[in-house]
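Student: Let's see this in three dimensions:
(one chain, ligands or ions: 1)
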Amino acid sequence: MTGAPRGFIVDMDGVLYKGERPMPGLRDFFSLIEAHPFVLLTNNSTVSAIDCEAKLGRMGVEVPAAAILTVVDATCRYLAAMLPTGGRAFVLGSCALNEAARHAGFELVPAGSPADVVVIGLDTAFTYAALSHAVRLVADGAAFVTTSLDPVLLTEDGALPGAGALAAAVSACVDAQPVCVGKPSALMFETAAAQLGVPPEDILVVGDNLVSDIGGGVALGARTALLLSGVTGSADGIEGAIRPDFVFPGLPELSTFLRRSW
Ligand SMILES: [Mg+2]
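Tutor: Numbers count the residues shown, from 1 in each chain. Have a look, this model is predicted:
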């Protein structure tokens, strides 16, 4: 990006909102970028794009669901590219993930049935029996896909086990590593960039997580802006391989920067 950004890939949780709380400067930020192509991302495998559209709407921001790429959508696109229509999937995940997989044309099988792929998302109601079946299927050669490798989910109630913890539980039992669809996977960022139709060097990736957002943006070849409003709360110690181009406390400072750029 030699000049101002021409497209945006923006993480949602910790950037646009925290839980049900909009971040300061949310509406002003959208008034700035709405004239440009943008895609909003989330690694939360319990929500659909429609859910996110509704949530932003409650915060006074109108964003079409088509501009929202959830890990649920990205996972279904990946499965559709990998498996023939009607392939059998054993899903350890939320209602949103199950619904999306069914909608994408996969046959969802119950525990105890053979499957072509095991799909892991955040499943707050998972059972030992389901985990056991996932282990058996992967051991027998089923494809192994997860929405995230992150073992920890940061919530308003503190750190909880995330989808990556369930995937790791399977990996701990079987000598197999899952394909991760969610951030920082290229599957998520390349899909978003293709949707923008803007070359990576003209894209600004905005996120609050150094590893999953900034790491994914750097791998894409985009410029990156880390906001210290979420997971990565400090710029101290950012000296490793992943370095954001810009660091801002939050959306208001990013908006000020963009106003000066244009
Ligand atoms: Mg985030």
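Student: and the closest residue in space to Pro200 that isn't next to it in sequence, what pLDDT?
Tutor: Take Pro200 and drop its neighbours on the chain: the residue closest to it by CB to CB, 6 or more residues apart in numbering is Gly221, 3.9 Å away. All C-beta atoms are positioned from the backbone trio N, CA, C, and that covers glycine. For Gly221, the model assigns a pLDDT of 96.
Student: quick one: Gly221 and Asp208, what's the gap?
Tutor: In this view, Gly221 and Asp208 are 21 Å apart by CB to CB, to the nearest Å.
Student: next structured bit after the helix or strand where Asp51 lies?
Tutor: Under the criterion of DSSP states H and E, Asp51 resides in helix 49-58. Next along the chain after helix 49-58, taking DSSP H and E as the criterion, comes strand 68-70.
Student: hmm, back to that, just how off-centre is the helix holding Asp51 within its chain?
Tutor: Computed by CA atoms, centre = their mean, to the nearest Å, the separation of helix 49-58 from the middle of its chain amounts to 15 Å.
Student: same deal with stretch 33-41?
Tutor: So, by CA atoms, centre = their mean, the centroid of stretch 33-41 is 16 Å from its chain's centroid.
Student: And for stretch 126-143?
Tutor: The answer for stretch 126-143 is 24 Å, by CA atoms, centre = their mean.
Student: neighbouring contacts of it?
Tutor: 82-83, 90, 92, 111-112, 114-118, 120, 123, 144, 166, 169-170, 173-174, 176, 179 (CB atoms under 8 Å, 6 or more residues apart in numbering).
Student: let's see it at 7 Å
Tutor: If you take CB atoms under 7 Å, 6 or more residues apart in numbering as the criterion, stretch 126-143 is touched by 82, 90, 92, 111-112, 115-118, 144, 166, 169-170, 173-174, 176.
Student: Can you dump the C-alpha atoms of that stretch in PDB for me?
Tutor: Output in PDB follows, covering the C-alpha atoms of stretch 126-143 (Å, rounded to 0.1, in the frame of the first residue of the first chain):
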ATOM      1  CA  PHE A 126     -20.200 -31.600  23.300                       C
ATOM      2  CA  THR A 127     -20.200 -35.000  24.900                       C
ATOM      3  CA  TYR A 128     -17.600 -37.600  25.500                       C
ATOM      4  CA  ALA A 129     -19.400 -39.900  23.100                       C
ATOM      5  CA  ALA A 130     -19.200 -37.400  20.300                       C
ATOM      6  CA  LEU A 131     -15.500 -36.700  21.000                       C
ATOM      7  CA  SER A 132     -14.900 -40.500  21.000                       C
ATOM      8  CA  HIS A 133     -16.600 -40.800  17.600                       C
ATOM      9  CA  ALA A 134     -14.600 -37.900  16.200                       C
ATOM     10  CA  VAL A 135     -11.400 -39.600  17.300                       C
ATOM     11  CA  ARG A 136     -12.500 -42.900  15.700                       C
ATOM     12  CA  LEU A 137     -13.400 -41.300  12.400                       C
ATOM     13  CA  VAL A 138     -10.100 -39.400  12.100                       C
ATOM     14  CA  ALA A 139      -8.200 -42.600  13.100                       C
ATOM     15  CA  ASP A 140     -10.100 -44.400  10.300                       C
ATOM     16  CA  GLY A 141      -9.000 -41.800   7.700                       C
ATOM     17  CA  ALA A 142     -11.800 -39.200   7.700                       C
ATOM     18  CA  ALA A 143     -10.700 -35.600   6.700                       C
END
